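In: Mind looking at a prediction? Sequence and model below.
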Amino acid sequence: MVSYHAISIPDEKKFVSDIYEKLSSTDDDESNNSPRLGGCICHVPNTLRLAKPEDFVPHFVGLGPYHHSDELIVSDKMKLGTGKRVLKILFPKNNGHILNHLLQNLELYTLIPYFYKLDTTSTVDDYPTFLYQLIIDAIFLLALLHHSNNHSVQEWDDYYILTGANRNMPLLDTAGEELSMDGFIRDIFMLENQIPVHVLKLHVI
């Protein structure tokens with residue numbers, strides 16, 4: 001299993017400096033061999049995180065590497081189950097083929113360093129596992145967004161679509177808060193808890 005505990009968090013000055021550098025760069029500066037993928041998902045400085053951690057640390061689901069190691073309710077197994085349930089409704093005859101396509105997109109191998117601020121020498125020593133986890137997160141997020149925006153699957157209870165569980169057996173976080181769609185939406189809007197749009201585009205069938 002990949003460990004992400006060694007990822008360093010930049011201080012506030014470095015955080016601001018990185019943003020300024022991106023905003024002040026010119027087209028000539030970007031005319032190199034790096035893919036044009038847009039912004040990188042960076043860590044929130046400790047000075048901001050410590051002031052109000054509930055605004056930056058997810059309660060239920062971690063997306064991407066920064067909170068993957070946190071002990072959250074929604075595991076990789078539950079995320080993949082959510083994706084399968086939604087794909088089964090959308091593509092009842094081909095959901096297995098689509099999942100295989102999503103999990104075999106090797107283009108992501110070369111793009112991973114551009115998505116996140118990772119120390120690849122110490123934190124991502126197993127790229128296939130990292131890739132698998134990232135794609136599962138993307139499947140889960142696409143399933144969640146589709147379910148939230150599509151009335152054709154509203155006959156499925158939110159609890160079941162997200163967890164495969166019955167509402168009579170609610171899932172609670174460490175603070176005793178019950179899992180809900182609102183809780184998921186709050187988590188996926190957190191700054192560090194993001195999947196790059198480029199990854200999602202690669203997996204839209």
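Out: Thanks, I have the structure now.
In: So, low pLDDT: which residues of this structure?
Out: Applying pLDDT under 70 to the chain flags the ranges 1-39, 69-70, 90-91, 93-113, 118-128, 147-159, 161-163, 165-179, 198-205.
In: Now for the residue nearest to residue 139 when sequence neighbours are not counted: which residues touch it?
Out: Among residues not flanking residue 139 along the chain, residue 83 sits closest, at 3.5 Å (C-beta to C-beta, 6 or more residues apart in numbering). Every C-beta, even on glycine, is put in place using the N, C-alpha and C of the backbone. Counting by C-beta atoms under 8 Å, 6 or more residues apart in numbering, residue 83 makes contact with 99, 136, 139, 140, 142, 143.
In: what residues are up against the second one?
Out: If I follow you right, that is residue 136. Neighbours of residue 136 in contact, by C-beta under 8 Å, 6+ apart: 76, 79, 80, 83.
In: Need the phi and psi values for the last one.
Out: Read that as residue 83. Residue 83 adopts backbone torsions of phi -60, psi -40, taken as degrees, to the nearest 10.
In: what do you get for the first one?
Out: Summarising the backbone geometry of residue 76 under the convention degrees, to the nearest 10, its torsions are phi -60, psi -40.
In: what's the answer for the third one, then?
Out: Torsion angles at residue 80 (phi, psi; degrees, to the nearest 10) stand at phi -70, psi -40.
In: Would you confirm that it contacts residue 137?
Out: No: Residue 80 is beyond contact range of residue 137, at 9.8 Å (criterion: C-beta atoms under 8 Å).
In: quick one, which of those two is more surrounded?
Out: residue 137 (25 against 19; other C-beta atoms under 10 Å).
In: The closest residue to the more buried one other than its chain neighbours: neighbour count?
Out: In space, and not counting its chain neighbours, residue 137 is closest to residue 63: 4.7 Å by C-beta to C-beta, 6+ apart. Residues near residue 63, counting by other C-beta under 10 Å, number 26.
In: ok so residue 63 is a helix residue?
Out: No: counting by DSSP: H, G, I helix; E, B strand; the rest coil, residue 63 falls outside a helix, being coil.
In: Verify the stated contact: it with residue 188.
Out: Yes: Residue 63 is in contact with residue 188 according to C-beta under 8 Å; the separation is 6.4 Å.
In: remind me, longest helix of this structure?
Out: Of all segments of type helix in the chain, defined using DSSP state H, the longest is helix 127-149.
In: what sits against residue 72?
Out: With C-beta under 8 Å, 6+ apart, residue 72 has these contacts: 58, 59, 60, 61, 62, 173.
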